[in-house]
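**Student:** take a look and give me a structure for this.
(2 chains)
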Amino acid sequence: MKLELKGITKRFPGVVANDHVDVVVEPGEVHGLLGENGAGKSTLMNILYGLYTADEGEIFIDDQLVHLRGPGDAIAAGIGMVHQHFMLVPVFTVAENIVLGVEHTQRLGKLDRARASREVSELAQKSGLPVDPDAVVEDLPVGVQQRVEILKALYRDARLLILDEPTAVLTPQEIDDLFEAIRGFVAEGRSVVFISHKLREHRAIADRVSVLRRGRIVGTADPREATEQELANLMVGRPVELVVDKPVAKPGEVAFEVADVSVQDLTGKVTVDGVSFSVRKGEILAIAGVEGNGQTPLIRAVTGLEPLAGGQVSASGTSIAGRTRKEVLRGGLGHVPEDRNRDGLVADFSVAENLVLNLWDVEPFAKRGTLQFRVIADHARRLVDAYDVRTPSVETPAGSLSGGNQQKLVIAREFDQPIDVLVASQPTRGIDVGSIEYVHKQLVAKRDEGTAILLVSSELDEILALADRVAVMFQGRLVGPYDMPVSKEALGRLMAGADPAEVLATGADR
Amino acid sequence: MSTDDPRDPTDPPGPDPDQPPEAPLIVADKNDAEAEIEAAREREAEAFKVGLEAGFTQRLVAALTGTSVIVTILAFASALVIGAFVIALSEEPVREALGYFTARPGDAIAAGWTAISEAYIALVQGAVGGRSQISETLVSSTPLILTGLAVAIALRAGLFNIGAEGQLIAGGVAAGFVGFAITGLPLVVHLPLAIIAGIAAGAIYGWVPGILKARTGAHEVISTIMLNNIAFLVSAWLLSTALFRQPDRSDPVSKTVQNSARFPRFFSDLRVNYAIVLALVLAVAIFWLVERSTRGFELNAVGLNPDAATTAGMDPARTIIRAMSTGGAMAGAAGAATILGVQGRLTIGFSAGLGFDGITVALLGRGRIGGTVAAGLLLGALKAGGRSMQAQTGTSLDLVLVIQALIIVFIAAPGLVRAIFRIRAEDLAAGQVAKGWGS
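**Tutor:** Next comes the predicted model:
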């Protein structure tokens, strides 16, 4: 299917999210859409999927002008969308999820499950996306859930498939499988719009890349010819440093020790199983792994947010057992949580208030139980300058800042206090390239001040750029840590659960 | 690589003249920074967005406290306009004139106008038309301010306190009991003692749903509704016991509160008394607590984002218990104000829905302390004026209830008000009050 967007403009109050965007997707093409968060990718795709109406501009499908008033119109026109956040009913089976809304029914509206299951099974076979049609969705790993989402679109006969950040939740191996499937779709004459902020992936799969910056198409490139550096510069609008400049670590004494830690979830299922490691002052220990392998409960447990089912944790030489989260933090632990919107910030609080969120009741910010607003504001102004947080004022609600600036806010709060140990989970998730650079530099600087840093990331590039030692989390167990360098391929295999002895035995991998 | 857009040519590779090479990244180019700041300012100006992840009460709180002053005022105005139609249609002459509306529409309009203007003039005069009217307004406002605070404090902590009614009953019963059971104390000892008893009983009665929520996750809406019933029925039972009942009466009425436990009046001929001073002093204390203190910081953080509050080292469970207890204390004070200030004895149903009115007050005050006090005075005026309107023009006092209910409907559906008045989100930005705390 050929898709043509002509002069699409969408304004939100005070913001032009899309400014005369022209994009042409040829039949059988994988068209990459590259841009930082907030560049207007999602708005553009929501217009294409009928969720928003463009203020100006026209959409042509196979040279026919179309008006999309809702997702129903878009689906009827042959457009399928796989959202970043899956839209599945967790307690339904794969087949039920796929046929939902277009299901065949027997007498008295009884669902024809057998037929659904058979059709889904055939479709899965044909499109190279193997799934069990009768499995319940909530039991499936995210990679498979994504397949279900794609099959849902294919079942509705999507001839143009929009994949919004599809690789964020996948292992390197699963990404390869996905790319294989995408190649299959285009071979059938379908078109794919592939949205990602990862340059490497565009180079691997896209036939053409359109780069969006601040709502405008700033360039179209052939990803096989353009270098990553060129694409990055185009995306950010200025030269970007892709490599972190990192001096050799000078590790000191152990500041953070985790011994045989286990964690159970509410249902009693073991999510973290006998994990041990230690972090020395002045080094970065990175924990790699696909999301959902126990990193989140591990970090919550070792930072005092959740009880341990077993094992010991000590920070700065003191056990955290029996101490409240507040006592653990005040004992010299900084924590950059993985989900800054949920755990890191109160969106409705001002920048200044968020900067004292963990120190709200200590001098000089509070005296005799009363907040000292002037001190809090002065403190905020100093940090906003020092950490380059771009905000209209310190009174602005933190929720109004861009993702990168929100993260800088969290970084500023956690870094600007005397800490021995810093735990940073996914510190660059969902932020723009410029801010990623900045956060990486700050992490290295903090390390060189002599802080012990535990970094958790699902981005292999980030791990490789920052780690002094690396460990891999797989199904609740920790493999490693190993001294760097460990090759990307070896890490990728460990993340997929390969036997470490086998992976690391082959000398080439080290 | 090609560049489509002539307005924004890609930077050529090589050193950027604006950027000294040694500090390239932290201070990126100025335009970039300004654009980000501009974008943040614009997002701030956008209408309040409610996260999909937020729980029901959080969304409710966000929707309410995110509603702008303009919307609140328009909601009130809309309620008055609809109330006007209700008045007009309830008048016999208007309905008669409507019968021949097509022949002489002027009659119906004139009759309607007369009915509406007379009723509303009587309403306003009854509220503020003289010293006795103002006295009545203040008397009506006193418990409303306090129950409004009871709801508002909980709202700020992300809780919906439907239990002000029960907490008020608990406070009134305790204050009344201390008021009539203890004799021989001077006013300066007896009155404070009775007030404290009322406040403490209310606080305990608010603490119960608080601890249930914090420890077991029991939803405060459910538990407070049930506790309201329990408070009502227990108070009714108490009035049938010898301990409480007035010996020479067969109906369930308690003994009379000693004069030494009554709020003194300002003027002997007016009902207004020192209870309004108590309400205002407590409001100031609550303002400090919620808007200025470290406890308030925790309260607001927990109300707006309990996960972030926990991560920052706060204790949401304790905060919830504190918020519910403090709210209960305010409702208990309202009970004390009612019994010790006006009624002088306990009767069945003495609470008369004052606790539920507190919900209206807190919502009209948008969960803010100053707003709640103002809304308490306004609804007190409506109540006092409504009684006078009923006496003068025969328009039923129920109209005031209709207006109150309409206010809630309009405030709960800010989108409706925006649609009626065609307000766009950006026009509201100027009137938008910061949703957080402090300002």
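**Student:** list the contacts of the spatially most central residue of chain B.
**Tutor:** Closest to where the C-alpha atoms of chain B average out (C-alpha atoms, centre = their mean) is B:Ala362, at 0.9 Å. B:Ala362 is in contact with B:148-152, B:155, B:372, B:375, counting by C-beta atoms under 8 Å, 6 or more residues apart in numbering or on different chains. All C-beta spots, glycine's among them, are computed from the backbone N, C-alpha and C.
**Student:** same thing with A:Glu306?
**Tutor:** Contacts of A:Glu306 by C-beta under 8 Å, 6+ apart are A:263, A:297, A:300.
**Student:** minimum distance to chain A, which residue of the stretch 201-350 of chain B gives it?
**Tutor:** Across the stretch 201-350 of chain B, the shortest distance to chain A (C-beta to the nearest C-beta) belongs to B:Gly313, at 3.5 Å.
**Student:** what is the neighbour count of residue 342?
**Tutor:** Here I'm looking at chain A. Other residues lying near A:Arg342 total 17 when counted by other C-beta atoms under 10 Å in any protein chain shown.
**Student:** right idea, wrong chain: chain B
**Tutor:** Applying other C-beta under 10 Å, we find 18 other residues in the vicinity of B:Val342.
**Student:** any idea how far the residue of the stretch 201-350 of chain B closest to chain A is from A:Leu371?
**Tutor:** B:Gly313 sits 16 Å away from A:Leu371, going by C-beta to C-beta, to the nearest Å.
**Student:** repeat that for A:Lys269.
**Tutor:** Distance from A:Lys269 to A:Leu371, by C-beta to C-beta: 42 Å.
**Student:** the two: which is more packed in?
**Tutor:** When A:Lys269 and A:Leu371 are compared for neighbours, A:Leu371 comes out ahead with 23 against 9, by other C-beta under 10 Å.
**Student:** buried sites along the helix or strand hosting B:Ile199?
**Tutor:** Assessed by DSSP states H and E, B:Ile199 sits inside helix B:187-216. Judged by neighbour count (16 or more other C-beta atoms under 10 Å in any protein chain shown), helix B:187-216 contains these buried residues: B:190-191, B:193-214.
**Student:** ok, stretch B:214-226 next?
**Tutor:** Across stretch B:214-226, burial judged by 16+ other C-beta under 10 Å covers B:214, B:220-221, B:223-224.
**Student:** ok, now stretch A:423-442?
**Tutor:** For stretch A:423-442, the neighbour count (16+ other C-beta under 10 Å) marks A:423-442 as buried.
**Student:** mind listing which of these are in strands?
**Tutor:** Members of the buried residues of stretch A:423-442 lying in strands (criterion: DSSP state E): A:423-425.
**Student:** that older thread, could you identify the helix or strand that succeeds the helix holding B:Ile199?
**Tutor:** Next element after helix B:187-216 (DSSP H and E): helix B:220-239.
**Student:** ok, the helix or strand just after that following helix near chain A or not?
**Tutor:** Downstream of helix B:220-239, the next assigned helix or strand under DSSP H and E is helix B:275-287. No: remark: helix B:275-287 sits outside contact range of chain A, by C-beta under 8 Å from any C-beta of the partner chain, the gap being at least 12.1 Å.
**Student:** what sits up against helix B:275-287?
**Tutor:** With C-beta under 8 Å, 6+ apart, helix B:275-287 has contacts from B:138-139, B:141-143, B:145-146, B:149, B:153, B:195, B:263, B:326, B:330, B:333-334, B:336-337, B:340-342, B:369-370, B:372-373, B:376.
**Student:** before we move on, back to that, look up how far B:Arg368 lies from the residue nearest to the centre of chain B.
**Tutor:** From B:Ala362 across to B:Arg368, the span is 9 Å (C-beta to C-beta).
**Student:** which neighbours do those two have in common?
**Tutor:** With C-beta under 8 Å, 6+ apart applied, the overlap between the contact sets of B:Ala362 and B:Arg368 consists of B:Ala152.
**Student:** just the pLDDT at the closest residue to B:Leu123 other than its chain neighbours, thanks.
**Tutor:** Distance criterion C-beta to C-beta, 6 or more residues apart in numbering or on different chains; nearest residue to B:Leu123, sequence neighbours excluded, is B:Gly385 at 4.1 Å. With respect to pLDDT, B:Gly385 scores 91.
**Student:** one more: the one 4 residues further on?
**Tutor:** What the model reports as pLDDT for B:Met389 is 87.
**Student:** fine, thanks again, bye for now.
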